[in-house]
Structure formats: structure tokens, C-alpha cells
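could you look at this predicted model? Sequence included:
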Amino acid sequence: MMMEVAKEWLPRERVPTAEFAERDLYLSPETSEKHGLFSMYYAPAMHGILSALDDPEVDEVVCMKAAQVAWTTILIAYLANRIVNQ
């Protein structure tokens with residue numbers, strides 16, 4: 001039992017946010033027409049933004065976007081990934 005508890009304190013592997021989102025981010029019917037497991041298929045342009053956010057060498061990410069492009073969902077995925085995996 002102590003080994004199981006000790007494993008929780010080990011550093012977690014770094015997971016790219018796009019991978020984390022597709023593996024662990026579920027959208028509720030109240031917040032998304034496409035509820036269920038999130039898919040980058042519906043927001044392909046966000047791959048580059050997430051890569052930039054994940055890159056420790058990048059200090060600032062500036063984006064111009066249209067409405068309804070999964071922006072809030074992408075930011076939630078990024079923050080959740082940072083909380084869970086870092």
C-alpha cells in the first residue's frame with residue numbers, strides 16, 4: 001500500500017496538451033453541441049497554439065481568432081494539463 005501512495009508523489013510524465021485534451025477532456029452536453037471526449041478534429045488550427053503554449057522557450061502567445069473556435073475549451077485543456085501533469 002505504501003508503494004501505491006508513493007507513486008502518487010512521483011513526477012508525472014509531460015504530456016502535450018493536444019494529446020491530454022483528446023485523452024482526458026470530456027465536454028458536457030450543457031457546454032458543447034459535440035459532447036463527449038474532446039477531439040482536435042474540430043479545432044485543427046489549435047495544434048500550433050497548444051504547441052506554443054507547451055513550449056517552455058515561448059514567453060508569449062498572441063492569437064487573432066474568430067468566434068466559436070473552441071478557444072475557451074483549448075484554454076481549459078491547457079490549464080487542466082498544467083494542473084494534472086506538472
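Noted; the coordinates are in hand.

which SS class is the most centrally placed residue in the chain?
Geometric centre of the chain, nearest residue: residue 77, 2.9 Å, by CA atoms, centre = their mean. Applying DSSP: H, G, I helix; E, B strand; the rest coil to residue 77 yields a three-state assignment of helix.

what comes up buried for stretch 27-34?
residue 27 (16 or more other CB atoms under 10 Å). Where you see a C-beta, it was placed from the backbone N, CA and C, and this is true even at glycine.

what is the end-to-end distance of that stretch?
Using CA to CA, to the nearest Å, one end of stretch 27-34 lies 7 Å from the other.

ok, residue 51 - how many residues close by?
By other CB atoms under 10 Å, the residues close to residue 51 number 14.

sorry, back to before: who are the contact partners of the residue nearest to the centre of the chain?
17, 20, 21, 25, 38, 50 (CB atoms under 8 Å, 6 or more residues apart in numbering).

relative to residue 44, which of these is nearest.
For the contacts of residue 77, the residue nearest residue 44 by CB to CB is residue 50; the value is 11.1 Å.

I'd say the closest one and residue 78 touch.
Yes. Residue 50 is in contact with residue 78 according to CB atoms under 8 Å; the separation is 6.6 Å.

hey, which helix or strand in the chain has the poorest pLDDT?
Between all helices and strands in the chain, the lowest mean by mean pLDDT, DSSP states H and E belongs to helix 2-7, at a mean of 79.

output that helix in CSV with nothing but the alpha carbons.
Output in CSV follows, covering the C-alpha atoms of helix 2-7 (Å, rounded to 0.1, in the frame of the first residue of the first chain):
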residue,chain,number,x,y,z
MET,A,2,2.9,2.4,0.8
MET,A,3,4.3,1.9,-2.7
GLU,A,4,0.9,2.8,-4.3
VAL,A,5,0.9,6.0,-2.2
ALA,A,6,4.5,6.8,-3.0
LYS,A,7,3.8,6.5,-6.8
